[in-house]
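Colleague: Below: sequence and its predicted model.
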Amino acid sequence: MWEFFARSLAASTIFTFAALGELIDQRSGILNVGIEGVMLFGATLGFIAAQVTGSYVIGFLVGIAIGGLLGLLHGFFSITLGADQVVVGMGIWILGFGLTTYIGNPYTGPLGMDRIPTILGLSPFFYVGLVLVIVSWFVLSKTSLGLKIRSVGENPSVAEVSGVDVTKTRYLCVTVGGMLMGLSGAIYSLYYNPVWNYNFLMGWGFIALALVFFSMWNPWILLGGSLLFGTLWQLSLNPQLVLPGVLSRYIWRTVPFVITIGVLLIISTKWFRIRWGAARPEALAVPYVKE
Amino acid sequence: MRIGRYEFKLEKRLSLTGWKAAIISIFAVIFALALFSFIFILAEINPLLAYREMFSYAFVNPYGLPLTINRFIFLLLCTSAFIIPFRAGLWNIGMPGQLYAGALGAFAVLYAFGVKDFRTSDLSPGILIPLMLIVAALGGVGLGAIAGVLKGKFNINEIVVTMILNFIAFWLVSHMIKEGGPFMNPGGRGESFELPSSLYPPMIMGVPFTIFLALGVAVLLYFMFAKTRIGYKIKAHGLSPAASRYAGISTFKIPLLVFIMGGALAGWAGYHYFAAVPGVYKISRNYGYFGDLAFYGIICGLISLGNPLAAIPVALLFGGLSVGGRFVQGQLNMSFGLDYALLGVLMITLVAFQFFYRYQIGWAKTGEERLDVGVLR
Amino acid sequence: MQTGLLEGIARGETVLEARGITKRFPAVVANDQIDFEIRAGEIHAILGENGAGKSTLMNILFGLLQPDEGEIYIGGKSVKFRSPLDAIDLGIGMVHQNRKLVAAHTVIENIILGHPRAGRILNLNRTGDEITELCEKYGFKIDLRAKVWQLSEGEKQVVEILKALYRGARVLILDEPTTALAPPETAKLLASIEAMARDELAIVPFITHKLPIVLAVSDRVTVLRRGKVTARLDTDRVTEKSLAKKMVGREVIFRLERTKVEKGKTILDVENLSALSDKGFLALKGVSFSVCEGEIFGIAGISGNGQHELAEVLAGLRKAEGGRVILEGQDITRSSSLERWQMGLGYIPSERTEVGSIGDFSLVENVTMNFYFDSNYSPRGIMDYRKIRKLTEGIVAEYDVVTPGPDTKAKNLSGGNLQKLILARVLSRKPRLLIANLPTQGLDVGATEFVRKKLIEAKKEKAGILLISEDLDEILSLSDWVAPVYEGEFMGIIPGDKAQRQRVGAMMAGSRPEGLET
């Protein structure tokens, strides 16, 4: 049971990092639907770097770096060129999906390094994630920078006349956001499941995206959502823990996805919207053109 | 920016004619292929040689050409499945799921008629093949309708929903064809039972009849968008849901309708690949590969700017490129996934080129006076 | 930079001066050699019609535009603004007509946003105290922890003023300060403006219509016409009429003829109708009225008092929470908007570009918005674009829509031309009931006159018209019935010829007169 709990937390951590990155993006008004692509890049290149150099540190750094670069790329298209952010996100996702399949293929198989040690029996990244949730909550709601980020996401032209550099703020957010997504991918391939396989993420990034909508852009609710989905995911892999012998294991794999749709349905109801609807950054996915 | 005697600057386009758009799209493809050649260069292969191999295999070689045509049919259906919601301002990235559902639908018909256990010997293709087509479409419709209802009624982001449905459908297929699933091949290779040869669909010059389906759909869609009331409603919704609601166009029915239409076409794409392509005739173990290929439909749809007729040559080109990519990968001992890499590079290039649909580079000759200054009189 | 240039300036000294400001745009000279100056403690209004060059001048003074010629002096020193931030740093504050506030944030967050002294970690208590002090000084009342979207237009304006003051503004530019304010809010604002002027602030209101306001508070007034200064006067020496003449360049008739049309049968009956706003509160609280053939029923009110929700419920775009809507004897409370169009209802929405038209559609396709469902124009589901094109060409000619042709995209039309197109499109369906929501808002004088004339024509053709407007003069001059609306309720329904300006104004602000219930 402890093993299951620990694995669930490890899975949750991956959702937390990726979704937190997306939350920061979205709070500044940038929608990145290509999380899965960034994660695939972070996971694949981090995996390769770690295997080649034999160093976890380098692996994670590479994951973070490529995530940040892809965040910048997304930023360049959607901030500087003012492109349709959905198109750009799709582009990043398909780029990641296509290119990592090709790049990673020669490295198919297990990582072959000693496992990263746990802390008090739990994934070390869980603690890091917890700290990150606290930090991002504090920065977003209690600091001047956070106010700037939120204003840029709500109404960039107001922010601009108030003396906030919209472009710079948004670039900062997409870069940090991308780094978190890349790191999340690297945690997957270097800690959670250190085996490279084609398209191994199978939807983690998209669930993370749904999590952000579910979180009402609040890091704490996002943490709760990650825990829920991490556990669900783990459960879907080990159905025998709750209901041995019922349904095939393939049907169980669909459970987290079905529940994601259920959650999206609940948060879209009028009752929920009227209470929480104001949380959605008003300028989300709207390109900002200076007057 | 100034180059020589010309002043260059970016200007916002006021209008974009079809021809200009076509030229930009062609440039985008050429640019992507140029970019992609770096992959060959990194693998120490002459890109020109590689491209020559790719194109000649895909479009000339007697083994490659039929593959290309089959893939073209598949891609064109997927592209149409993408284009219809796209014109309504919605993103259908659920073609993989919808085509899996279509394939399951087609095989469900066979299953219901006892094909799997050879219970019936009296199978009339004249009835069963149309029935398979109908149920395949219905399978796709079922999945599409979920996304349509969730978008139209509850305004839930259709990208997340269609993508999530892809994964659900993916695992459902595994459930059906593997480990004792109802459609499992008795041979136990993790694939579905095979189509009896009496139900092989009609071929015309070695090409499955589905080509007429795909081409016919493209023409009909073109007509629909250009001339019909429903086409107008879809376009209006795509450009401004608020304004179209004001005009009396239902913001529930349009998303539902476009996803139903898209789902049906993706369902046919599933029928085509798993029940009409010579040499397959079953839901194969690597069915996920065909789901991934369906994403080429997004690229085709974007490059053709949602024009169903323009999608025809684009789908043919990309069908050929993906077939050729697979081929040279084997031929030149390259790593697996060259067609995937091409998919990625094409997509991101296209994203970059979106810019030129909105802006143009204007130029003007500057300063005749400057000329005068230089001339001694 | 610093506010230092304006420190220690005494009453009566010049704080801001513009000399020979000229700004050219491709087709026009928006500002032509404009001189302007303002002293500390002075209220100096700038007056002009739409297109007179007011907004260009305002944007130049605030650093949003750079002049082609001319110079700006602050405290006697020549300055150049590269952006509004430079202007803010030098002590110029701007109160925008379309409020520059983050709706989802609190008042205090809006005020402190981007402020150099905000610090890394926000100290909202300290800031709150400082702002409260400012409020007390000038007589503003506002809940600093409220979210901006919950505020009325007047309160939002207060937030903008506070934001400018907190930034240290000594010159305050007010863009159409009294538009969208109810009369009592206007009175409060004017009192605060005078309090600020007593405190040596220089105040520059930019005003289009409301001439009485100019006369009430300003010390001096500069009148602009076609980019040039036509007059600079001390306010105590002018009258409303003389100002208007300077502004328009001819005698202005302030009242339109109200056409009497013989009263016909009832077209619209509304019984106890209520509706929710987007935010989920009850915005329309049980209104009842009826509109007859050949009648204009005018609803006067400041935006945000439920009239927008009323229009949308009637058009079928918003669900009624309670009550009934009866159109020519048929209950249409649950009918879809399409059914209502087909039954002869026509709706001109206030959001011209977002709702009333589709920018990326050609004019023909925009006209199609009201005809695609009509089997005369789309037999058996096939669109007859040739016929609609002819219709569009007719509209363009008859309504004098300035456009290169019917295939131009709607987004390339100016506001006035777009409104003409929408109006023409709706009117060419010959609606039995026409709902016009803010039909002349933001239009120039010519287009406004044209739209009003067309409404009167529709009235003559026996349509029932529901006119929603913030412009009291428009309502009073056109309507056969006037219903002032406040917080989702009608304060009464008064026959047009008995409606007096003052009384209707008071009712718009919530006072319910005795003995005038309908």
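Modeller: Alright, I've got the coordinates. Numbering: from 1, shown residues only, chains lettered A, B, ... in the order given.

Colleague: What are the neighbouring residues in contact with A:Trp220?
Modeller: A:Trp220 makes contact with A:133, A:137, according to Cβ atoms under 8 Å, 6 or more residues apart in numbering or on different chains. From N, CA and C alone the C-beta is placed, and that goes for glycine too.

Colleague: number of nearby residues for the residue in chain A that chain B sits nearest to?
Modeller: Nearest residue of chain A to chain B (Cβ to the nearest Cβ) works out as A:Gly98 at 2.7 Å. Using other Cβ atoms under 10 Å in any protein chain shown, A:Gly98 has 26 neighbouring residues.

Colleague: Phi, psi for C:Tyr372 please.
Modeller: Main-chain dihedrals, C:Tyr372, degrees, to the nearest 10: phi -60, psi -30.

Colleague: rewinding a little: A strand includes the residue of chain A closest to chain B, no?
Modeller: No. According to DSSP: H, G, I helix; E, B strand; the rest coil, A:Gly98 belongs to no strand; its state is helix.

Colleague: For it, give me its contacts.
Modeller: A:Gly98 neighbours (Cβ under 8 Å, 6+ apart): B:337, B:340-345, B:347.

Colleague: so can I have a markdown table of those residues showing secondary structure and neighbour count?
Modeller: Listed next are these as a markdown table, based on DSSP: H, G, I helix; E, B strand; the rest coil; neighbours: other Cβ atoms under 10 Å in any protein chain shown:
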| residue | secondary structure | neighbour count |
| --- | --- | --- |
| B:Gly337 | coil | 25 |
| B:Tyr340 | helix | 27 |
| B:Ala341 | helix | 25 |
| B:Leu342 | helix | 26 |
| B:Leu343 | helix | 28 |
| B:Gly344 | helix | 28 |
| B:Val345 | helix | 24 |
| B:Met347 | helix | 28 |
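
Colleague: Which one of those is nearest to chain C?
Modeller: Checking the contacts of A:Gly98 one by one against chain C (Cβ to the nearest Cβ), the nearest turns out to be B:Met347, at 24.1 Å.

Colleague: Distance-wise, check the residue of chain A closest to chain B relative to B:Gly324.
Modeller: 16 Å (Cβ to Cβ, to the nearest Å).

Colleague: Then C:Ser357?
Modeller: 47 Å.

Colleague: repeat for B:Phe295
Modeller: Counting by Cβ to Cβ - B:Phe295 and B:Gly324 are separated by 18 Å.

Colleague: quick one: which of these two has more around it?
Modeller: More neighbours surround B:Gly324 than the other of B:Phe295 and B:Gly324, with 28 against 24 (other Cβ under 10 Å).

Colleague: For stretch A:145-162, which outside residues touch it?
Modeller: A:24, A:26-30, A:138-140, A:164, A:166, A:169-170, A:172-173, A:281-284, A:288, A:290-291, C:84, C:94, C:100-105, C:109, C:112-115, C:118, C:120, C:122, C:163.

Colleague: Show the buried residues in these.
Modeller: A:24, A:26-30, A:139-140, A:164, A:166, A:169-170, A:172-173, A:281, A:283-284, A:288, C:84, C:94, C:100-105, C:109, C:112-115, C:118, C:122, C:163 (16 or more other Cβ atoms under 10 Å in any protein chain shown).

Colleague: Just those residues: which are in helices?
Modeller: A:24, A:26-27, A:139-140, A:166, A:169-170, A:172-173, C:84, C:109, C:112, C:163 (DSSP state H).

Colleague: ok, these vs B:Phe318, which is closest?
Modeller: Distance ranking of these against B:Phe318, using Cβ to Cβ, places A:Gln26 first at 32.4 Å.

Colleague: mind listing what the closest one touches?
Modeller: Neighbour list for A:Gln26: A:32, A:153, A:212, A:217, A:281, A:284 [criterion: Cβ under 8 Å, 6+ apart].

Colleague: can you check A:Phe272 too?
Modeller: A:Phe272 makes contacts with A:Ile266, as judged by Cβ under 8 Å, 6+ apart.

Colleague: In the chain, where is pLDDT below threshold?
Modeller: Assuming you mean chain A. A:275-278, A:290-291 (pLDDT under 70).

Colleague: Please refer instead to chain C.
Modeller: Along chain C, segments meeting pLDDT under 70 span C:1-8, C:27, C:50, C:208-210, C:250-259, C:513-518.

Colleague: Indicate the residue of it located nearest to chain B.
Modeller: For chain C, Cβ to the nearest Cβ, closest residue to chain B: C:Leu338, 3.2 Å.

Colleague: residues in the stretch 51-200 of chain A within reach of chain C, list them.
Modeller: Residues of the stretch 51-200 of chain A lying close to chain C by Cβ under 8 Å from any Cβ of the partner chain are A:142-145, A:147-148, A:150-151, A:154-155, A:157-159, A:161-164.

Colleague: Separate out the buried members of the residues you listed.
Modeller: Applying 16+ other Cβ under 10 Å to these, the neighbour count classes A:143-145, A:147-148, A:150-151, A:154-155, A:158-159, A:161-164 as buried.

Colleague: so where do the helices sit in the stretch 251-400 of chain C?
Modeller: For the stretch 251-400 of chain C, the helices defined by DSSP state H, counting those that start in this stretch cover C:307-315, C:337-342, C:363-368, C:385-398.

Colleague: can the ones you listed go into a markdown table with extra columns for mean neighbour count?
Modeller: Formatted as a markdown table, these follow (neighbours: other Cβ atoms under 10 Å in any protein chain shown):
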| stretch | mean neighbour count |
| --- | --- |
| helix C:307-315 | 24 |
| helix C:337-342 | 19 |
| helix C:363-368 | 26 |
| helix C:385-398 | 17 |
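
Colleague: Same list (those helices) but as CSV, adding distance to C:Glu271.
Modeller: Compiled in CSV, the helices of the stretch 251-400 of chain C are given as follows (distance: least, Cβ to Cβ, whole Å):
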stretch, distance to C:Glu271
helix C:307-315, 12
helix C:337-342, 17
helix C:363-368, 34
helix C:385-398, 36
